[in-house]
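In: sequence unknown, structure follows:
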Ligand SMILES: Cc1cc2nc3c(=O)[nH]c(=O)nc-3n(C[C@H](O)[C@H](O)[C@H](O)COP(=O)(O)O)c2cc1C
Ligand SMILES: Cc1cc2nc3c(=O)[nH]c(=O)nc-3n(C[C@H](O)[C@H](O)[C@H](O)COP(=O)(O)O)c2cc1C
Ligand SMILES: Cc1cc2nc3c(=O)[nH]c(=O)nc-3n(C[C@H](O)[C@H](O)[C@H](O)COP(=O)(O)O)c2cc1C
Ligand SMILES: Cc1cc2nc3c(=O)[nH]c(=O)nc-3n(C[C@H](O)[C@H](O)[C@H](O)CO)c2cc1C
Ligand code: SF4
Ligand code: SF4
Ligand code: SF4
Ligand code: SF4
Ligand code: FES
């Protein structure tokens, strides 16, 4: 293996090797965290349209009950993690760097944990592919790898593109995080089962499970669980960030590049996270929707780093308290991994379906510091998995030329942060890219608005014209009526007069 | 001297003939820039640019007497498109600062006079006679005409509220 | 400000041919190894500018646009040839110094530029004054560049002024030190000095604007 | 053959029109903000310079010298150059709008580019034969295009740099031109023969 | 609200200061060797160059509002250091100071400071000095090792530096390249005059005249290996540069040994190695992509050879670096790395 | 005078355009011809004055009574054109001045070399050059009296091998930092002496009135 690692090191010309810090939690089995006082369940825990509440404040709900339904094609429902009463539906702080609030349902568990009747299924492998996808959708499963894309939508991709391969992403290349590692070690059968179900839904013949070589135990566990299934192969990945990124994974395992701006399904590959697979197996077999997830709680400031199975909606503060609180000054609270995770505005925000980690980092770990000018050392370009020139893009963006940054690939940037991680000048490169992508999106919104304004204006002038015409017509009609009336009157008079003497000439005038 | 004068004069005469001829023969109509530019403008005829509507603005742009940043509703996106079209450098500095605004109606003061409703170039204000009016966020360009005309000053322009949907990262501090 | 004062101000400073319009760069680089050369070239150019502006302005109504540029340029070329012949005949020493660049006054783009953008649209006196102002502004800039290059480059100022202005002006010549940074009298020096002077002009204007010393432009 | 190559290289590099001979500086500074524009200008100049070298050689050999009309040199050269440029521009606009898009807008600028007249006059001074005159024109134009492209490349990069306010724009462009010409001094004294 | 911190929330701990410090570390052996060879005047000259470079940096930062403190990162000191290594070892103080001024104030800060300069500051300064003061810049001394009693003591050396005392004829010596150029312009055959000269050069130890840091070839190579190992520089530019120089030199030498130095001499003489390892690798003024670096290195090597062989100057490295600096934006533009998912290999494959 | 309206009407017509251009050029060339007439003589005078002045610098004033500027014949030396001015006193050649040029550091260097009948150098002056100011320009008499060191020299004084700059083992000083320029000048002067030795009989045999 040492030799293969070396070969990969030579072959791959991108990526970074951040300090893993995985030992903090890799031997901590996933333990169930008791229910907290309150659960805050945001309506948008996935990419796509927010779910629509179907409950009202004050209503009592049971575990697994549907709280909010999916709206439209790309959306995902929200279910109650336990029984209790709906306290409120309103805006609450969520895990987002802006510190803004978002619509959420607040549930106060009553501790009884009564569940609705779940429709379990003994042989989900007998289900039709479409039915698998339907049940996954109804179960509120989204990608647990962080992207939180509704899993069922991805399962439906097989219908549009022929998909040969399902890749299971056991990369978990982010430092600190070990929940995927633990899931593979503790529930290898569930992962394999879920993978086979997904492959069935997709119509994929082969399943490839990629695991970074820094997780030998997970590798062994998965290999033995997959042994019975010849269509499944378990492959080692070099431990390097961002190996877990879809494009890199696909390229490494299948030697195919996903075309720019395209989906991996276009090249016959669909990627899912191992945790997603395990959840899909559970959802299909028990019929219970997704209401809990495994979360790594780590960082040097956490008193007792570990892996937890947490009810969705649990406050980060409660999670941390459960892990013994913090024991050192916390520089940053982060949700997700340190490389792509987001800074938390505070700890009173809920764990959501996409939360793979909760980190309390001390200053030494968090990096940062004053940025200095770029010295064009090109390290950022060297590590970029996409082959971009981050320093050049950032320079263009700083000079106010975001479009010029698009010309050299801004839109291809996956935001992995490798560049910023490695930049000796500590330039917040990925911040620049998020900023530019944001302003381009805003410009696009403005353009669309402009277009619609054009239409609205045209509609208005059409309306005004129509109204004017109607008015004119009405006026003409009224006039005609008046005249007709006059004429009638005149005619009557005339008729009357005709009885007396003829006055034709007057009438015609 | 004679040679000098005649030979050069001859050459010049010929060249003049050729050039005059070429100017006539090779005459090319200038492109229809004005109408093209007008098509790019929002067309809301709001007059914020200081010209009598988008047509005037387009004419001024075409002859170069107005900056590409003239149209607030079009925003930086339009300015860039115009700069591209006209082949000039756009100084968006002044524009970037301009936060988008929309009109809001304070319902407690609104008397339902419908003046704003009639003034709005995009039909962004809804409501009818003697009813309280409200503004459609998606349609309002923030041109402020309604606010100007409102007899009770019930209409005012406010910055577009930030939501998770339109929030975006600010530029990094420096370096 | 009266229009005449404005024309003067524009030519000498605000719209200076070299410092603001970045025109006439070739002579500004090529003949400014010494202040004296800069002065000579400046004066010769000024003479041509005044004459060409006057001439162009006075025939502006007659000129058809299709042959406008050839006509202007022929006029300028003739004027330059006149200056060339005159210098060669009566100021031969100076002629040897300025050499090829007298001929190139023709294509000194500043001159045609003034003909096109100002003289062909203005009355004769205004055009003549503009020529004078532009020419003097040009001369000023030329002398400034030449002086800096000469001082740093060869440690002297107005060397051989007597060749240009006559023996009476020999006193202008100043020797400050021996040697100097050769670079300055060589091609790169010209660019560097003009770059530095422009930056200084900017800094000066910036500082003045900040201090608010400049009376409002409209006054 | 190699003699021609040497002549081309020496005129382009060693006696570079812009950086060493100081000709054509206005377009060099004016049309060099964008690499594409600079290359366009370079190509247009190449075209005109070649044309001008040929035309002026003929004028000189067939009219000015035989009749001793040296004093009409400037006037006649410039007349022919200006007319040729204008004619080419008009014709190009009519018959090849694409090419006109690329090169046309630079053509009028070239009439007032002293490199064109300068090279023509230098050719007379050198007493070159027709082929040499032509090569001299082409070499000068190649040198012009080369430094235009290099300079424009650097200026494009400067657009992104944090140049101090008093140096931004023209001053730093001039400093850059200075450093470029400093670099070209390396070729001084270059002898390939 | 303060701006939210963007990911990543981790950093590999490197800094610009550390990069510069590693380069300085790599420069230390060859510098100390230079001090040993050329004695106290060289030490003073180095001190003055580095010191004045830092002072000018400070002044420029102050003038520019002091917003960005790049004094502490050592880039100015490094630029000064490299400049000192390329100067004649016994240069007078004002050469050092003017050189630092040109490097820091003109070549670096007029462009906006660290990272913004298209041209290599040390090379701009060196060329500007060479052209401005050809006399002082071609005053070479023969090595007068530290404890041999040949060179002046510290005080005498400082006096010499401050009062620009002319160097006694006994101590001056020509450089190999200078000699070659002189012979060539006299039309003398190299085969006759060279053997005596060349020997000292190609052993790479540095017992011959030259600038402060260019003669100890093995130490330069050692520093380069260290930098490559630490990932501060890539191997591509140095190797390409040496190739671009050696290949044409070898060909020309094979054809006409009487007028062309051998490849070995070309590589070991003058600033070729110092330039290959420390100067052409300056990240700020070199291209970004691998192909670009290859072109850049090859072209510098080739131009160095052309200027050395055919132009008026005996050594062309500094000019070659500046010429190629000016080409970097064009090179960069046409050698952008392929972006994942764009171009030929994208799409359905294997 | 043409009326305003007529002008407006005429301006866009091709013949008018052509004739305006032709007219301009006609007037311009006429004016220039006149100017040329007027300046031809002064210019010729100035050029002659130049020549005479430079010849006078390398000829003792009492050594001639003719006009050496006019007493010329052209020859060449190894490809370099050489103009020979003969100074005569009472019709007897007393000295010659060779006007020639050589390739210096940065281009041609124009030289006049006065040589007496005894084959001694009477004087050397540089008439034009483009050597680097501060380095190579010390060959100008205005900058340095270096060229004066040729006066009185003879092909055998110093011996032929020593006709070189010090650096090349000769007797003439080079300038600090610049050897190429003086090397070129020394070589050119030497060539002139050699040329004189072999050709002067023939030059003098061409009798001038
Ligand atoms: C908190 C957080 C952490 C992330 N880190 C990972 C990760 O470890 N695993 C993952 O699935 N994606 C990660 N990303 C997902 C990316 O943001 C992005 O949504 C995703 O890469 C989309 O493309 P994909 O289809 O490749 O997932 C993370 C995102 C967030 C917000
Ligand atoms: C930089 C980057 C790193 C990622 N790392 C991982 C990872 O380590 N593990 C993972 O499962 N997904 C990772 N992802 C997300 C994958 O690209 C992909 O979206 C995910 O595996 C899809 O599975 P899911 O839909 O089941 O979440 C990463 C994405 C990005 C952009
Ligand atoms: C910018 C510059 C201009 C020079 N100009 C001259 C010159 O005009 N004449 C000259 O002989 N050498 C000139 N040189 C010096 C030559 O390059 C060369 O070094 C010198 O002539 C050889 O002399 P040496 O043998 O004394 O070293 C100049 C050098 C530089 C850098
Ligand atoms: C590997 C390396 C090489 C460098 N080489 C130079 C150099 O040749 N000249 C120089 O002025 N600075 C050099 N520097 C320092 C720094 O990059 C330089 O001061 C910047 O050019 C100033 O913006 C170098 C730095 C590094 C890391
Ligand atoms: S890593 Fe940082 S300093 Fe290096 S090139 Fe990239 S942005 Fe610049
Ligand atoms: S954040 Fe973007 S630019 Fe930076 S390394 Fe990742 S993909 Fe490349
Ligand atoms: S501001 Fe814009 S939308 Fe309004 S009239 Fe002017 S161009 Fe039209
Ligand atoms: S500001 Fe008022 S008038 Fe203008 S678009 Fe908005 S609602 Fe309509
Ligand atoms: S003066 Fe030469 S191009 Fe303008």
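Out: Okay, I see it. Note that the coordinates shown come from a computational prediction; the quantities given were computed from them, not determined experimentally. Ligands and ions are numbered 1, 2, ... in the order given.

In: what ranges do the strands span in chain F?
Out: For chain F, the strands defined by DSSP state E cover F:72-77, F:80-89, F:92-103, F:108-116, F:121-128.

In: Output the contacting helices and strands for the third one.
Out: For strand F:92-103, the contact count by 3 or more CB pairs under 8 Å, 6 or more residues apart in numbering or on different chains; DSSP states H and E identifies strand F:80-89, strand F:108-116, helix F:180-205 as packing neighbours. For glycine as for every other residue, the C-beta is placed from the backbone atoms N, C-alpha and C.

In: for the longest one, which positions count as buried?
Out: Just to be clear, that refers to helix F:180-205. F:180-186, F:188-193, F:195-196, F:199-200, F:203-204 (16 or more other CB atoms under 10 Å in any protein chain shown).

In: ok, back up a step: could you dump the strands of chain F to TSV with mean pLDDT, mean neighbour count and distance to ligand 7?
Out: Formatted as TSV, these follow (pLDDT from 0 to 100; neighbours: other CB atoms under 10 Å in any protein chain shown; distance: least, CB to the nearest ligand atom, whole Å):
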stretch	mean pLDDT	mean neighbour count	distance to ligand 7
strand F:72-77	82	13	77
strand F:80-89	87	19	73
strand F:92-103	89	21	67
strand F:108-116	91	22	65
strand F:121-128	90	22	65
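
In: Any idea which of these gets closest to residue E:235?
Out: strand F:92-103 (44.1 Å; CB to CB).

In: Neighbouring strands of the closest one in the sheet, and parallel or not?
Out: strand F:80-89 (antiparallel), strand F:108-116 (antiparallel) (DSSP bridges).

In: what does the shortest one rub up against?
Out: This means strand F:108-116. Defining contact as CB atoms under 8 Å, 6 or more residues apart in numbering or on different chains, one finds that strand F:108-116 is touched by F:54-55, F:57-59, F:63, F:94-103, F:121-131, F:139, F:150, F:181, F:184-185, F:188-189, F:192-193, F:196.

In: go on, the first one?
Out: Taking CB under 8 Å, 6+ apart as the criterion, the residues outside strand F:80-89 that touch it are F:55, F:59, F:63-66, F:68-69, F:71-76, F:93-102, F:191-192, F:195, F:203-204, F:208.

In: ok, back up a step: any chance of the helices and strands packed on strand F:92-103 in TSV with distance to ligand 4 as columns?
Out: Formatted as TSV, the helices and strands packed on strand F:92-103 follow (distance: least, CB to the nearest ligand atom, whole Å):
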stretch	distance to ligand 4
strand F:80-89	45
strand F:108-116	38
helix F:180-205	30
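
In: In TSV, list these along with distance to residue A:242.
Out: Listed next are those as TSV, based on distance: least, CB to CB, whole Å:
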stretch	distance to residue A:242
strand F:80-89	73
strand F:108-116	67
helix F:180-205	62
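
In: mind checking which of those is nearest ligand 3?
Out: Ranking the helices and strands packed on strand F:92-103 by proximity to ligand 3 (CB to the nearest ligand atom) places helix F:180-205 first, at 3.5 Å.

In: Is the closest one in proximity to chain C?
Out: No. In terms of CB under 8 Å from any CB of the partner chain, no part of helix F:180-205 sits within range of chain C; the closest distance is 14.0 Å.

In: Is the residue in the stretch 251-400 of chain A that chain B sits nearest to in a helix, a strand, or coil?
Out: Residue nearest to chain B within the stretch 251-400 of chain A: residue A:371 (3.6 Å; CB to the nearest CB). Three-state call for residue A:371 (DSSP: H, G, I helix; E, B strand; the rest coil): coil.

In: Could you measure from residue E:328 over to ligand 5?
Out: 14 Å (CB to the nearest ligand atom, to the nearest Å).

In: Number of residues surrounding the residue nearest to that residue when sequence neighbours are not counted?
Out: In space, and not counting its chain neighbours, residue E:328 is closest to residue E:287: 5.2 Å by CB to CB, 6 or more residues apart in numbering or on different chains. Per other CB atoms under 10 Å in any protein chain shown, the neighbour tally for residue E:287 reads 27.

In: Would you check that residue E:287 makes contact with residue E:297?
Out: No. Taking CB atoms under 8 Å as the definition, residue E:287 is not a contact partner of residue E:297, at 9.4 Å.

In: Can you list phi and psi of the residue of the stretch 251-400 of chain A closest to chain B for me?
Out: Here is the backbone geometry of residue A:371 (degrees, to the nearest 10): phi -80, psi 140.

In: mind checking how far it is from chain D?
Out: 13 Å (CB to the nearest CB, to the nearest Å).

In: So which of the strands paired with strand F:92-103 is nearest residue C:144?
Out: strand F:108-116 (32.0 Å).

In: That closest one versus helix F:180-205: what angle between them?
Out: Calculated by axes from the mean of the first three to the mean of the last three CA atoms, to 10 degrees, strand F:108-116 forms an angle of 50 degrees with helix F:180-205.

In: chain center to strand F:108-116, what's the gap?
Out: Here strand F:108-116 is found 8 Å from its chain centre; the criterion is CA atoms, centre = their mean, to the nearest Å.

In: So it, near ligand 3 or not?
Out: No. No part of strand F:108-116 sits near ligand 3 under the criterion CB under 6 Å from any ligand atom; the closest distance found is 9.7 Å.

In: what about stretch E:226-236, how long is it end to end?
Out: Terminal residues of stretch E:226-236 lie 15 Å apart, using CA to CA, to the nearest Å.

In: and it, how far from the chain's centre?
Out: On CA atoms, centre = their mean, the centre of stretch E:226-236 falls 16 Å from the chain's centre.
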